[in-house]
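Asker: Using only what follows, build the 3D model:
(chains A, B, C and D)
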Protein chains: 2
Amino acid sequence: MSRRKPANDGPCPVARSVDVIGDRWSLLIVRDAFDGTNRFGDFQRSLGVARNILSDRLRQLVEAGVLETRPASDGTAYKEYVLTERGKSLFPVVVALRQWGERHLFAPGERHSRLVDKKTGEPIPFMAPKAGSDDELLPGEAEVRKLT
Amino acid sequence: MSRRKPANDGPCPVARSVDVIGDRWSLLIVRDAFDGTNRFGDFQRSLGVARNILSDRLRQLVEAGVLETRPASDGTAYKEYVLTERGKSLFPVVVALRQWGERHLFAPGERHSRLVDKKTGEPIPFMAPKAGSDDELLPGEAEVRKLT
DNA sequence: TCAATCGGTTTCAATTTAAAACTAGACTGA
DNA sequence: TCAGTCTAGTTTTAAATTGAAACCGATTGA
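Answerer: Residues are numbered from 1 along each chain as shown, chains lettered A, B, ... in the order given. Just a heads-up that it's a prediction; the model follows:
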């Protein structure tokens, strides 16, 4: 039974996000969901996670409104887990993680999977925050304005 | 003594990234580092994390090349933890998490901290992956090309 | 209908985390 | 220089989480 800590209610959106998806499995479940995985057993085989943990994480993600369950689309009596709108809007998070990993976590020449535009087959360009204009915003050029 | 699991060496960059920063504290440490925090005690007070865990995570982040230590800039004999280039390039990840949290994890009207352009004071626009052109790339329009 | 599969839940040992106490070097003020 | 305090950890111990495996009822396939 998933022990939930005193539900992060601070003002920092990063902290709240981390509270929802900031563990090893949740993010990988979401990644797989973007790849089209939606059945319990498929997540389990893909991730190699223990069933009880998977069960717990799926429940948490459903509770958080990231996934929802619906009857299986393939006629069987089982249900499937699909991304909600909220879940789909995690796309930039997963892409950012992917791009960081691609850049920094592979030896030169080491092969890795690639995210491409389905239509054109072209790799997705590097994503970065922009200032109001079109220039890339560097870390030093932004600051967190705490609420007054 | 930080037990590291068999070091994720799969082809998925998301999995490798999650392996490095995919836990509650690491990401928040990086967030604080972007905000200018660099001393052990400051991280500790900011996060409320147990000292041994902080010690462990800082060591891991240094080992992963996300942070590095250097003598304190303020004359004292202590050292400080600062983001490396690799660490700084986590900026899009933190921004993506922040923007997702802002959108989905606050009640309407609830206040939260804000990321603004230092120069103009303007909030940072929402960040999204683009296809080769300038149109926002939606989750369904991309796919992961596994390495051949 | 009988065996295998699916989607879990339960159990229990092992790992990880958290809290607190402890250590040790650096600074402070008297 | 001596006591007290601050910083940056480490150690110790208990509590929480995780993972592996067994279990279970419903579903499916032969």
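
Asker: Between the two ends of stretch A:125-140, what distance do you get?
Answerer: One end of stretch A:125-140 sits 22 Å from the other (CA to CA, to the nearest Å).

Asker: What is the burial count for the residue nearest to residue A:38 when sequence neighbours are not counted?
Answerer: In space, and not counting its chain neighbours, residue A:38 is closest to residue A:80: 4.0 Å by CB to CB, 6 or more residues apart in numbering or on different chains. C-beta here means a position set from N, CA and C on the backbone, and glycine is covered the same way. By the measure other CB atoms under 10 Å in any protein chain shown, the count of residues near residue A:80 is 19.

Asker: now do the one 10 residues further on
Answerer: Around residue A:90 sit 26 other residues, with neighbours defined as other CB under 10 Å.

Asker: and what of residue A:111?
Answerer: 11.

Asker: That one belongs to a strand?
Answerer: No - the assignment for residue A:111 (DSSP: H, G, I helix; E, B strand; the rest coil) gives coil, which keeps it out of a strand.

Asker: And for it, nearest residue in space, chain neighbours not counted?
Answerer: Per CB to CB, 6+ apart, closest to residue A:111 is residue B:147, 4.3 Å.

Asker: Show the contacting residues for that neighbour.
Answerer: Contacts for residue B:147 (CB atoms under 8 Å, 6 or more residues apart in numbering or on different chains) come out as A:111, A:112, A:113, A:114, B:11.

Asker: Quick check: it vs residue B:102, distance?
Answerer: 35 Å (CB to CB, to the nearest Å).

Asker: how about the closest residue to DNA strand C within chain A, what does it touch?
Answerer: Proximity of chain A to DNA strand C (CB to the nearest atom of the strand) peaks at residue A:41, 2.8 Å away. Residues near residue A:41 by CB under 8 Å, 6+ apart: none.

Asker: re earlier: hmm, which of the contacts of residue B:147 are the buried ones?
Answerer: A:112, A:113, A:114 (16 or more other CB atoms under 10 Å in any protein chain shown).

Asker: Let me have those residues in TSV, extended by distance to DNA strand C and pLDDT.
Answerer: Formatted as TSV, the buried ones among the contacts of residue B:147 follow (distance: CB to the nearest atom of the strand, whole Å; pLDDT from 0 to 100):
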residue	distance to DNA strand C	pLDDT
A:112	25	95
A:113	24	95
A:114	28	93
